[in-house]
Structure formats: C-alpha cells, structure tokens
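**Student:** got a sequence here, can you build the structure:
(one chain, ligands or ions: 3)
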Amino acid sequence: MSDYKYLKGKKTVGVIGCPFSGGQPRRGVDLGPLRIIEYGLLEQLIDLGWEVEFDGHRNLEKLRPTYDPDIGKLKQPRFVSKVCREVSKTVESHVRKGQLALTLGGDHSLAMGTVSGTFAVHPDAALIWVDAHADINTPETTTSGNIHGCPVSFLLGIAGKVEGFAWLKGCLRPEQLVYIGLRDVDPPEKKILKQYGIKAFSMHEVDKYGIGKVMEMALDHVCPDRNTPIHLSFDVDGLDPSVAPSTGTPVRGGLTFREGHYICEAICETGCLVAVDIMEVNPTLQDEASIEETVTIGCSLVRSCLGETLL
Ligand SMILES: NC(=[NH2+])NCCC[C@H](N)C(=O)O
Ligand SMILES: [Mn+2]
Ligand SMILES: [Mn+2]
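**Tutor:** Ligands and ions are numbered 1, 2, ... in the order given. A predicted model of the protein is given here:
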C-alpha cells in the first residue's frame, strides 16, 4: 500500500459532487456525480480503508446568472466562471486539510476550478490530463464555444482577458502538464501544444510503447523525483467508447479498460496523488447497460487511484 506523501493523518478523501453541465450543450452530464454516488462509491472507498468526507452534491444551479450572453464565442461564460470559482475554493480547502480531493463531474470545464484549487496549495504540482481531447482551445480558437474544450488554456493563462475570469490567474506552467490518450485535437490546439512544448502521449504513443512505458515517461516528465504532488484530471472519454459509452463527445480508438486503470494504479504507486477529477460521465446517453458500464468504470478508476490493486 502506498503511503500518500501529501495526506495528513488518517487517509481521508474529500468528495465533491459537481452536478454541472454548463460547459457544453448536452443535458445529463450533471447527473454523473449523482449516479456515481448512488452506485456506492463512498461505501467502496470506506471498504478500501478511507475516511470519507462527502460535501454532498453542490447546489451549483443557484450560481446561474439571470443574464449570461455569449462573450465572443464562449457560451455561458459567467455561469461557468462562477461555478469553477466556487469549486476551486472547495477543492483548495480539502487539499489544505491534507485530504485527497475527489471531484465528480460534471463537464470538464470544472477542471478550471479543481486544478486551480489544488495549485493554490501546491503551486509546483503536476497535472496529468487523461482525455481524447486536449481541451486547450482559447476563446479565439474554439469553434464550438463550449468552455469544456478550453479549461487548459485558462489554467495556463493563455486565454487572454475574459470578463468574469479575472479570479483565475494562470496557475499552470506548460512543463507541469502531461496528456495521455489524445486522439481528437483541433488544428489550432495542435499548434498550441507545439508552441508551448507541451508533453502529450496520444493513442499513437500508447500503441507504440504500451501503457507501462508511457506512464514511466509521463511521470519522468512531470514528477521526475516521484515526489511532486499530482493532480489527475480524468475525462472518461479518454477511454474507448466500447468501455465508457455514456459520454457526450465519444471518440473511437481510445484507452482500453486495463490501460485506463493502469494509469490510475501507476499514479497511485507514486504516493504523490493529491487530487482526482472524474469528468464527463453522462448517465442519460445510450442504453441502460451502457450507462451502468460507464458509471461502474468511473467508480473503479477512482478505486485504482485510491489504492485498489489486482492482487
Ligand atoms: N471535455 C471535452 N469532452 N471536450 C471536448 C472538446 C471538443 C472540441 N475540441 C471543442 O473545443 O469543442
Ligand atoms: Mn474529452
Ligand atoms: Mn475533457
């Protein structure tokens, strides 16, 4: 069992339910956290030996502004900003107490909140982003206007000034970030990745080297001493749609069931994990069996992050 270098006292996980869909157009992703908790995640974590502090599902709807017109192409910018700001404070308070902060989304725009919360406590942390997408569009480059395709540019401080987002200072340096699982990256996003020299292991590298070697290389890049605090932001669409079908922007050719879990196990083994996001589970898409598969895998990824092993 790994020792979790950055947790204080008893192993405690602070669980933050974020029923939020404002960073993209499809309803239903806001039900992700409810289904994951209903499925028994908290009991599973207690069985794994964790103390659980569950904040309940946050009432984020109360933050919806009455008037929220587009800013440039960005949709619902004030709503997203307010929600992320609140989530940031919550994540920060758990991490500061020496708890592992587990955020259940909700769409991936929430990562502006979760990552900035972690980095407020650990400014030198590493960010491991598992996703089919790079989510690094800027307000200029986005074609969809969906902010869940933009959080990384805001975190890096390359999004430019957007009304309402002044609270979100660029908190992430390009060398603190590594991607795994990419396979649907917009042309301007490819440019940004090159321009800033951001390390990314696409599915091509996963095929070429295998996930074991990819994780070794990814950790060598962001956590070379195996002592740097790690924030894992896991978009379930990083997994192949055959294993996680119920998500809003599925892309074929993704991570297998085992590759997804191996990523979590390898990060857990470092003992450096301080925060995890499980994002983009949408329990209204596909049939009931697909939904159950996706919710189940959300839970088992968390358990792998929190110390469950095969033997
Ligand atoms: N978190 C996600 N699922 N993001 C999908 C983003 C898709 C596309 N690149 C966009 O910017 O709209
Ligand atoms: Mn994605
Ligand atoms: Mn994403």
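
**Student:** could you pull out the helices for the protein?
**Tutor:** With DSSP state H as the criterion, the chain has helices at 32-38, 41-47, 77-96, 111-121, 151-156, 187-195, 203-209, 211-222, 257-270, 288-305.

**Student:** what is the burial count for the residue in the stretch 1-150 of the chain positioned nearest to ligand 2?
**Tutor:** Nearest to ligand 2 in the stretch 1-150 of the chain, going by CB to the ion, is His133, at a distance of 3.8 Å. Glycine gets a C-beta too; all of them are placed from N, C-alpha and C. Using other CB atoms under 10 Å, His133 has 25 neighbouring residues.

**Student:** neighbours around the closest residue in space to it that isn't next to it in sequence, how many?
**Tutor:** Residue nearest to His133 in three dimensions, not counting chain neighbours: Asp184, with 5.5 Å by CB to CB, 6 or more residues apart in numbering. Counted with other CB under 10 Å, residues neighbouring Asp184 total 18.

**Student:** swap in the one 10 residues further on?
**Tutor:** For Lys194, the count of nearby residues is 10 (other CB under 10 Å).

**Student:** nearest residue to the middle of this structure?
**Tutor:** Ser233 (2.5 Å; CA atoms, centre = their mean).

**Student:** Trp129 is in contact with that one, correct?
**Tutor:** Yes. Ser233 lies in contact with Trp129 (CB atoms under 8 Å); the separation is 5.1 Å.

**Student:** got any residues that touch both of the two?
**Tutor:** Common neighbours of Ser233 and Trp129, counting by CB atoms under 8 Å, 6 or more residues apart in numbering, are Ala111.

**Student:** thinking again about what came up before, select, out of the helices of the chain, the one closest to Phe20.
**Tutor:** helix 77-96 (5.6 Å; CB to CB).

**Student:** how about that closest one and ligand 1, touching?
**Tutor:** No. Helix 77-96 lies apart from ligand 1 when judged by CB under 6 Å from any ligand atom; the minimum separation is 12.3 Å.

**Student:** quick one: residues in contact with that helix.
**Tutor:** By CB under 8 Å, 6+ apart, helix 77-96 touches 14, 16, 18, 20, 22-23, 53, 55, 58, 60, 63-65, 68, 70-71, 100-101, 103, 109-110, 112-114, 116-118, 120-122, 147, 162-165, 167-168, 274-275.

**Student:** hang on, the earlier thing: want to try TSV for the helices of the chain, with distance to Ala244 and mean pLDDT as columns?
**Tutor:** TSV is the format used below for the helices of the chain (distance: least, CB to CB, whole Å; pLDDT from 0 to 100):
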stretch	distance to Ala244	mean pLDDT
helix 32-38	11	98
helix 41-47	16	98
helix 77-96	23	98
helix 111-121	18	98
helix 151-156	20	98
helix 187-195	22	98
helix 203-209	15	98
helix 211-222	16	98
helix 257-270	8	98
helix 288-305	5	98
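
**Student:** which one of these lies closest to Pro229?
**Tutor:** The nearest among these, by CB to CB, is helix 111-121 at 7.5 Å.

**Student:** so that closest one versus helix 77-96, what angle?
**Tutor:** 40 degrees (axes from the mean of the first three to the mean of the last three CA atoms, to 10 degrees).

**Student:** quick revisit: which ones, among the contacts of helix 77-96, also lie beside ligand 3?
**Tutor:** Among those, proximity to ligand 3 is found for none (CB under 5 Å from the ion).

**Student:** follow-up on the earlier one: contact partners for the residue nearest to the centre of the chain?
**Tutor:** His108, Ala111, Thr114, Val115, Leu127, Ile128, Trp129, Val130, Asp131, Val276, Asp277, Met279.

**Student:** so what's the gap between stretch 205-216 and the chain middle?
**Tutor:** Here stretch 205-216 is found 20 Å from its chain centre; the criterion is CA atoms, centre = their mean, to the nearest Å.

**Student:** give the buried residues for that stretch.
**Tutor:** Glu205, Val206, Ile211, Val214, Met215 (16 or more other CB atoms under 10 Å).

**Student:** correct me, but the fourth one touches Phe201?
**Tutor:** Yes. The pair Val214 / Phe201 is scored as a contact, 4.8 Å apart, by CB under 8 Å.

**Student:** can you put the contacts of Ser233 in CSV and add neighbour count and distance to Val80?
**Tutor:** Listed next are these as CSV, based on neighbours: other CB atoms under 10 Å; distance: CB to CB, whole Å:
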residue, neighbour count, distance to Val80
His108, 32, 11
Ala111, 29, 11
Thr114, 33, 13
Val115, 30, 14
Leu127, 24, 19
Ile128, 26, 23
Trp129, 29, 18
Val130, 29, 21
Asp131, 30, 18
Val276, 26, 21
Asp277, 29, 15
Met279, 33, 14
